[in-house]
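Turn this into a model:
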Amino acid sequence: MSEGLSPPVFVRAAAHPVRWRLLRELAASDRRVSELCHVISQPQSLVSYHLGRLRADRLVSLRRSSADRRSSYYRVDLARCGELLSASGGALHPGLRLVASTPRARGRRRARVLFLCTGNSARSQMAEALVERLGDGAFTARSAGSAPKPLHPDAVRAMRARGIDIAGHRSKPLDELAGDRFDVVVSLCDRVREVCPEFPGAPELVHWSIPDPSREPDGYAAFERVAVELAGRIPFLLRHIEEAS
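Got it, this is the predicted structure:
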């Protein structure tokens with residue numbers, strides 16, 4: 001079958017009910033295989049097979065857990081899904097090509113987002129700053145760590161490269177914010193996910209399995225990778241919060 005007559009990549013990948021459910025679950029949070037098996041009530045062999053298909057199409061990827069190297073976290077590439085979905089519509093008719101949406105400022109109260117990692121020295125600080133920059137005044141972001149360490153200079157440098165100054169930020173212990181109310185709590189490291197306390201008001205819990213850049217061997221480049229990943233994921237998070245409110 002010629003390329004013009006075969007279904008587009010996203011249509012082929014997402015059309016299977018199991019793969020569609022996996023994409024839906026991973027769009028909400030990074031998950032381990034065991035968690036995916038539980039939430040979609042399917043055996044591990046079937047889930048692993050379909051995850052393999054999604055990985056082959058580069059819709060999902062996996063990382064070894066920093067808390068338990070025997071397990072891995074899967075994540076969906078929402079930006080690629082969006083590009084392929086738009087191309088799928090355009091393949092049927094040019095008028096169906098999608099245009100990406102951006103968060104809009106709301107008249108209601110500002111949604112509150114909390115980012116957690118172990119040291120509150122890089123990942124969560126960077127995420128907090130990006131929400132404040134990308135949220136167009138509709139969101140309030142905070143960050144904290146289970147074992148706070150001083151703000152890492154390469155995190156400051158990575159944000160400064162994006163026109164954001166976090167040099168005056170301080171690291172905060174998780175307990176300092178444990179009594180505050182948030183709409184969404186995002187854990188950015190696998191270790192802090194295991195010790196995340198319950199917050200008042202039962203906020204939505206989201207997990208992004210992002211390696212600690214200070215532990216990577218290539219120095220500043222690791223902080224730049226984290227900044228790029230966060231900048232790619234945060235707009236989707238903000239849009240999700242906006243639609244759920």
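
What average pLDDT does stretch 13-33 get?
If you average the pLDDT over stretch 13-33, you get 96.

what's the neighbour count on residue 170?
Each residue near residue 170 was counted by other C-beta atoms under 10 Å, and the total is 9. C-beta coordinates here come from the backbone N, C-alpha and C atoms, glycine included.

ok now do it, which residues does it touch?
residue 151 (C-beta atoms under 8 Å, 6 or more residues apart in numbering).

Show me this structure divided up by domain.
Listed by automatic domain parsing, the domain ranges of the chain are 9-96, 111-244.

out of these, deepest packed?
The highest mean neighbour count among the domains of the chain, using mean count of other C-beta atoms under 10 Å, belongs to domain 111-244: a mean of 19.

now the end-to-end length of that domain.
End-to-end distance for domain 111-244, by C-alpha to C-alpha, to the nearest Å: 11 Å.

From residue 121, how far out is residue 93?
According to C-beta to C-beta, to the nearest Å, residue 93 and residue 121 sit 50 Å apart.

do the same with residue 220
Distance, residue 220 to residue 121, using C-beta to C-beta: 14 Å.

cool, residue 196 as well?
Distance of residue 196 to residue 121, given as C-beta to C-beta: 18 Å.

State whether residue 142 is indeed within a helix.
No: read with DSSP: H, G, I helix; E, B strand; the rest coil, residue 142 is strand and lies in no helix.

partner residues bridging the spatially closest residue to it that is not a sequence neighbour?
Ranked by C-beta to C-beta, 6 or more residues apart in numbering and with sequence neighbours excluded, the top spatial neighbour of residue 142 is residue 114, at 5.1 Å. Beta-bridge pairing for residue 114 (DSSP bridges): residue 142, residue 185.

Does residue 114 touch residue 143 like I think?
Yes: using C-beta atoms under 8 Å, residue 114 is in contact with residue 143, at 7.0 Å.

mind checking pLDDT for residue 70?
Residue-level confidence at residue 70 comes out at 84, pLDDT.

phi, psi of it?
phi -80, psi -10 (degrees, to the nearest 10).

Show residues contacting the helix or strand bottoming out on mean pLDDT in the chain.
With mean pLDDT, DSSP states H and E as the measure, the helix or strand of the chain carrying the lowest mean pLDDT is helix 78-92 (a mean of 88). Contacts to helix 78-92, defined as C-beta under 8 Å, 6+ apart, come from residues 8-11, 23, 27, 58-59, 96-100, 232-233, 236.

At which residues are the strands of the chain located?
Assigned by DSSP state E, the chain shows strands spanning 60-64, 72-76, 111-117, 139-145, 184-187, 204-207.

send the alpha carbons of the first one over as PDB?
As requested, the backbone C-alpha atoms of strand 60-64 are provided in PDB (Å, rounded to 0.1, in the frame of the first residue of the first chain):
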ATOM      1  CA  VAL A  60       6.400   6.900  24.500                       C
ATOM      2  CA  SER A  61       9.800   6.400  26.100                       C
ATOM      3  CA  LEU A  62      11.100   4.900  29.300                       C
ATOM      4  CA  ARG A  63      13.700   5.700  32.000                       C
ATOM      5  CA  ARG A  64      15.200   3.700  34.800                       C
END
